[in-house]
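Peer 1: let me see the structure of the following:
(3 chains)
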Amino acid sequence: MSADAKTEILARIRGALADQPAVAETPREYRKTSELSREEIVEMLEDRLLDYKANVFRETAETVAERIATQLGASARYVIPDVFDTAFLPEDTAARRAIVDPNDARKASALGVRELNQVDAVVTSSTVSCAQTGTIFLSGRPNEGRRAITLVPDHHICIVPLDSIVELIPEAMARVEPTAPTTMISGPSATSDIELERVEGVHGPRTLDVILLG
Amino acid sequence: MSITDLGMPAVRPVHGQGNLHAQVAFPKAAKEELKNDQMRANIRHATHTIRGKRANVVGEVPDWQQLRDAGSAIKERVMANLPELLEAFEQNVIARGGVVHWARDADEANRIVTELVQETGTSDVIKVKSMATQEIGLDAHLEEHGITATETDLAELIVQLGHDKPSHILVPAIHKNREEIREIFRREMPETTDELTSEPRVLAEAARQHLREKFLATRVAISGANFGIADTGTLSVVESEGNGRMCLTLPDTLITVMGIEKLLPSYEDLEVFFQLLPRSSTGERMNPYTSLWTGVTPGDGPQNFHVVLLDNGRSAVLSDPDGRSALHCIRCSACLNVCPVYEHAGGHAYGSTYPGPIGAILSPQLTGITSEENASLPYASSLCGACYQVCPVKINIPDILVHLRDEDIRTKHGERTQDDAAPAPVSHDLATESADNWRSEKALTGDADSERTDPGTRSRGATVRGAASDVAASVRSAGRKISKSAPAKKVPTQMDAMMKGASFVMSSGKRMSLAEKGLPLGRVVAGRDHAIGWLPGMVGGWTQQRDIPEPPKQSFRNWWKKHEGETEQRLAQDGVVAFASSEESADGPATTRRTEQDDAVPAIPPENSAKQPTAEPDQLGNGTNDQDGAQR
Amino acid sequence: MRIALFATCIVDAMYPKVALATVRVLERLGHEVVFPQGQGCCSQMHVNSGYFDDAMPVIRNHVKAFTEVEFDVAVAPSGSCVASLGHQQPMVARKCGDDLLAEQAADVAANTYELSELLIDVLGVTDAAEQLGSWFPDTVTYHPSCHGMRLLDLGDRQKDLVKSVGGIDYRELPDAEECCGFGGTFSFKNPDVSGAMAEAKLRNIEASGASLCTGGDSSCLMHLGGAASKRKAPVRTVHFVEILASTKENPLVVEGPVELSIPARGARVASNAGGNR
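Peer 2: Next up is the predicted model:
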């Protein structure tokens, strides 16, 4: 049945293209390489993220753990991906502790969606960030985890290493593995569906803390 | 039916079905919608808000035009290479663990999806907002088979809970304001209380609470796709709320319905569209969430993945070289947001899943201009061109609208078969009308001369015949789809007669001159208030909304014949002297020297002296005075 | 320079004053104006209504009329009709299989200017008061008609000329770029939406505080003026070249074909400074 449909659809399309439309070379005159300084690019990312109502912090390897502790608050159960530099994290306390997800839903220790719905936050790293649009790319790498852990918890603390920030979308996309499960995040979840006015906070994490690390 | 074989398989593309047909012709539907002041106010507010936002974020991109050029060219390439790209896409999806289905039309797509859901043993699915599934009426079909589909996009949820119809591509509930949305939520969501306010933030929170359990519990999701990448098999959904991520990530099974035109050749092409789409759509630099997935990723996301490739009339659109670029549409809705017709009439007036300017060219092409209702859509535009100006992929909507009007007229004249979507090459049949059919022209133009139709009206046929051997010409002319054995020609309409008459008059200065001498007749009709408030027939549409100015006593053409040489008098009347000879002034900035008041000796009467009883009959006056009555 | 006037059918038949004003302005600059008597229409009404076959004789006639007469450049007081020459005539001719006519039409179009283009780009007019003696002491706003704005990229040319008229009190029009709702065939195929669009435009004109709205296309102005008249709105419309042609000695009187709503013995809009009666 489906094979018949395929044959017929392809035949229809070939018939529709009987005029053999000529195709010109695709002009790609748009910007593909930034001309800004590193600091300008970082500032741009910060500006864009703040515009989206994300919280942005500039931290170093020495200060990052304290920042994460502050953002988590004294009492929090939070998820981290399987591979994560624990030096960046605050010491676990009785009221605040990290839960490691194995990055594979098939494993017994993987957190179910209802467990993820119960945790307070998630802390991950990121692949690359685009300053022009204020976009952070997650592509399922070991220190970013599988998609569900950055989706269900209501608070996402995301580390953006300074050297992973680029200005332009083409520069960012070039750093992502095309077939990786990828999520591009530009601020906390939002909607413009009521009178086309943007309000933040719907189904995805309503709080996005971005830590610019370097 | 006679289709000359161009060496290609003579398979006729088939038009689409589903929620694409207007039930009521646009003018009639619009007339009703215009009465809904609240809807109009809501749409006006929303579209003006988004216009400003879009203009700001587009304005800050220095290479916007280059991105549009690239986007347009990429889509052109997609259409030209669609069979190869579809096959490559299929192979790559399969290689990454996905299953590909092909659906010729809405019925087949609905059947495939329903069976896939039934195979999972569930009767509940969650849905990401999708134009394709709206087009095919999937929700209703699932319901008929005992499957409940929950729309998770906020605007779709508002429409679903309100038992309403979508009216906008991006924001289906754009016709509802916050108070109306609050009412719907309060009525349809049992968990809400009277504390629910109309604050958008509060309403968004209510939607979160309402859908949270659905997301966690439902095992099957259905989505559309913004883009499919041929060279990787990757799919992408662009969204804001996170409902898309929920549907694409949490369930066990994901079924994606994608129109065949949604492909892009390579992953690299996304860098263009991820810049064009959000800025054109929500007026944001980037939408909050974009998901990309390729087949199945073990241990992450749905482990059963199906994609349904939908034709449903797209191949028919593709068959028209002059209309196929409508398939370039990336559903941003920028054209709706700037369209003054959409702003006043609203989305429901278009009667199709695809409203607004893009809908006016896409819906009738998907279905064919067969029904009077959809044939009215290409006329639902003032051709102002705002849509083309903002289109991120440069679809020349006004030109396609005009092209479709030509298709419509020729369909009505029987010069084109109504159901023939295949690119028939140019016919050798002239199928031109005999002048005998058009006797009414004299009455319409007031032309006393008994000239017959200008022979020029038939020369197209002759030219086409002469060029028939020219392959290039025949391929190009194939865009007009002239049929050899045309259906019986219908009786000319009043519009046909008017156009034929106007063509006859306007194709000759002499006839224009004669016709214009009939103008004073209009002055009688205009009467003493100098504005024609009512006229029967065709012109009724005009006079319902506007008065017609009283025609002048004389056309410029006829006046000029007697007054051409009176340059000096004109200058004197205006109190100026031309500064320079034409040679001098052509070389440098022009100036005019004013004359002294005393020098101004009008040799022809000032225009407004028409008010004086001495006004001459050949005066280029506008005759707004009572004395004119003496001439009638 | 020898300038051929393409009056356009609506101006020729309904607004001869606009053609005359065009002549007056060009003559003041020392140019000779010729009117090819063979001219008819640009064919836009037929093309936009989908009657391509009926458009062909009209196109053929236009090309003939503007080929058989000698001139340096052609001009029309309409952005829409000029846009139609270059944008539609060749397209329709080509679709109807007449490539030669398509080329000829493109050639004629290439040498035909919209009036403000000609005045500014070719004739170097930047200050209407100074260079044309233009004088019109009234409150005026300006509606940019769609085809001039979007198909010819006229930008602010027409508006700049109007603003440079002596004595003028120029007011900006809110949402100026929104279509007035005329749209040719649209105006009677979709009269209700067209009327709603006109109402929105009329509201904006009233909000501008101007007593008069000017523009570069008599068709749009007729639609707006007619809609105002029907609704008894205090809005009058006039083509911008009539404002340019207005002088102290021979001031513009807004009445007649352009002016629709004033009483038969209508009040003058222009000041009486010229006192030429």
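
Peer 1: how about the helices of chain A, start to end?
Peer 2: With helices called from DSSP state H, chain A shows them at A:2-16, A:38-51, A:64-72, A:113-118, A:169-173.

Peer 1: which of those sits closest to chain C?
Peer 2: helix A:2-16 (18.9 Å; C-beta to the nearest C-beta). Heads up, the C-betas are built off the backbone N, CA and C, glycines and all.

Peer 1: and the helices of chain A, which is most packed in?
Peer 2: helix A:169-173 (a mean of 23; mean count of other C-beta atoms under 10 Å in any protein chain shown).

Peer 1: which residues touch that helix?
Peer 2: With contacts defined as C-beta atoms under 8 Å, 6 or more residues apart in numbering or on different chains, helix A:169-173 is touched by A:30-34, A:128-130, A:132-133, A:135, A:137, A:166, B:267-268, B:270-271, B:274-275.

Peer 1: which ones among these lie within strands?
Peer 2: A:128-130, A:135, A:137, A:166 (DSSP state E).

Peer 1: just give me the neighbour total for the residue of chain A found nearest chain C.
Peer 2: Proximity of chain A to chain C (C-beta to the nearest C-beta) peaks at residue A:19, 13.9 Å away. Residue neighbour count, defined by other C-beta atoms under 10 Å in any protein chain shown, stands at 21 for residue A:19.

Peer 1: measure it to residue C:6 for me?
Peer 2: Residue A:19 sits at a distance of 36 Å from residue C:6 (criterion: C-beta to C-beta, to the nearest Å).

Peer 1: and stretch B:370-384, how far apart are its ends?
Peer 2: End-to-end distance of stretch B:370-384 (C-alpha to C-alpha, to the nearest Å): 26 Å.

Peer 1: right, I mislabeled it, should have said stretch C:138-157
Peer 2: 20 Å.

Peer 1: ok, it near chain B or not?
Peer 2: Yes: applying C-beta under 8 Å from any C-beta of the partner chain, one finds that stretch C:138-157 is in contact with chain B at C:146-147, C:150-151.

Peer 1: could you list which of those residues belong to helices?
Peer 2: Per DSSP H, those map to helices at residue C:146.

Peer 1: nearest to residue C:247 among the residues of stretch C:138-157 next to chain B?
Peer 2: residue C:147 (29.5 Å; C-beta to C-beta).

Peer 1: what about the closest one, distance to residue C:42?
Peer 2: To residue C:42, residue C:147 is 11 Å away according to C-beta to C-beta.

Peer 1: next one: residue B:103
Peer 2: For residue B:103, the distance to residue C:42 equals 46 Å [C-beta to C-beta].

Peer 1: the two: which has the busier surroundings?
Peer 2: residue C:42 (28 against 25).

Peer 1: so where's the chain shaky on pLDDT?
Peer 2: Assuming you mean chain A. By pLDDT under 70, the low-scoring segments of chain A are A:1-3.

Peer 1: that's the wrong chain, I meant chain C
Peer 2: Using pLDDT under 70, the flagged stretches of chain C are C:255-277.

Peer 1: quick one, domains of it?
Peer 2: Domain assignment for chain C, taken from automatic domain parsing, gives C:2-118, C:126-245.

Peer 1: surely residue B:269 meets residue B:72?
Peer 2: No: the criterion here is C-beta atoms under 8 Å, and residue B:269 misses it with residue B:72 at 12.0 Å.

Peer 1: if we ignore the residues flanking it in sequence, what's nearest the residue of the stretch 51-200 of chain C found nearest chain B?
Peer 2: Relative to chain B, the nearest point of the stretch 51-200 of chain C is residue C:183 (2.7 Å; C-beta to the nearest C-beta). Spatial nearest neighbour of residue C:183, excluding adjacent residues (C-beta to C-beta, 6 or more residues apart in numbering or on different chains): residue B:382 at 2.7 Å.

Peer 1: the one you found against residue B:342, yeah?
Peer 2: No: here residue B:382 does not reach residue B:342: they are 11.3 Å apart, not a contact under C-beta under 8 Å.

Peer 1: quick one: the helices in the stretch 51-200 of chain B?
Peer 2: B:64-80, B:82-95, B:106-120, B:131-136, B:138-144, B:154-161, B:178-188, B:200-217 (DSSP state H, counting those that start in this stretch).

Peer 1: so which of those helices is the most packed in?
Peer 2: helix B:131-136 (a mean of 26).

Peer 1: measure how far it is from the centre of its chain, please.
Peer 2: The chain centre lies 18 Å from the centre of helix B:131-136; the measure is C-alpha atoms, centre = their mean, to the nearest Å.

Peer 1: count of residues packed around the residue of the stretch 201-350 of chain B found nearest chain A?
Peer 2: Proximity of the stretch 201-350 of chain B to chain A (C-beta to the nearest C-beta) peaks at residue B:242, 2.6 Å away. Counted by other C-beta under 10 Å, the residues lying close to residue B:242 total 27.

Peer 1: residue B:100 and residue B:281, how far apart?
Peer 2: Taken as C-beta to C-beta, the span from residue B:100 to residue B:281 is 28 Å.

Peer 1: so those two - more neighbours on which side?
Peer 2: residue B:281 (25 against 20).

Peer 1: now that one. Nearest residue, chain neighbours left out?
Peer 2: The shortest distance from residue B:281 to any non-neighbouring residue, by C-beta to C-beta, 6+ apart, is to residue B:332 (4.2 Å).

Peer 1: how near is that neighbour to residue A:153?
Peer 2: The spacing between residue B:332 and residue A:153, counted by C-beta to C-beta, is 31 Å.

Peer 1: tell me which element whatever residue of the stretch 101-250 of chain C ends up closest to chain A falls in.
Peer 2: As assessed by C-beta to the nearest C-beta, chain A sits closest to residue C:175 within the stretch 101-250 of chain C, at 16.9 Å. Using DSSP states H and E, residue C:175 sits within no helix or strand.

Peer 1: number of nearby residues for it?
Peer 2: 14.

Peer 1: do the same with residue B:372
Peer 2: Neighbours of residue B:372 under the rule other C-beta under 10 Å: 12.

Peer 1: ok, it - contacts?
Peer 2: Residues in contact with residue B:372 (C-beta under 8 Å, 6+ apart) are residue B:25.

Peer 1: now residue B:258
Peer 2: Residues in contact with residue B:258 (C-beta under 8 Å, 6+ apart) are B:132, B:224-225, B:228, B:235, B:307-310.

Peer 1: check the residues you listed and tell me the two furthest apart.
Peer 2: B:235 and B:310 (13.6 Å).

Peer 1: which of the residues in stretch B:243-261 are buried?
Peer 2: B:243-251, B:253-261 (16 or more other C-beta atoms under 10 Å in any protein chain shown).

Peer 1: which residues in the stretch 1-150 of chain C form strands?
Peer 2: C:2-5, C:32-34, C:73-76, C:112-114, C:139-142 (DSSP state E, counting those that start in this stretch).

Peer 1: hey, C-alpha coordinates of the third one in PDB?
Peer 2: Included here for strand C:73-76 are C-alpha records, laid out as PDB according to Å, rounded to 0.1, in the frame of the first residue of the first chain:
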ATOM      1  CA  VAL C  73      11.000  60.600 -21.700                       C
ATOM      2  CA  ALA C  74       7.400  59.600 -20.800                       C
ATOM      3  CA  VAL C  75       5.700  60.500 -17.500                       C
ATOM      4  CA  ALA C  76       2.500  59.500 -15.700                       C
END
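
Peer 1: tell me the strands beside that strand, with direction?
Peer 2: Sheet partners assigned to strand C:73-76 using DSSP bridges are listed as strand C:2-5 (parallel), strand C:112-114 (parallel).
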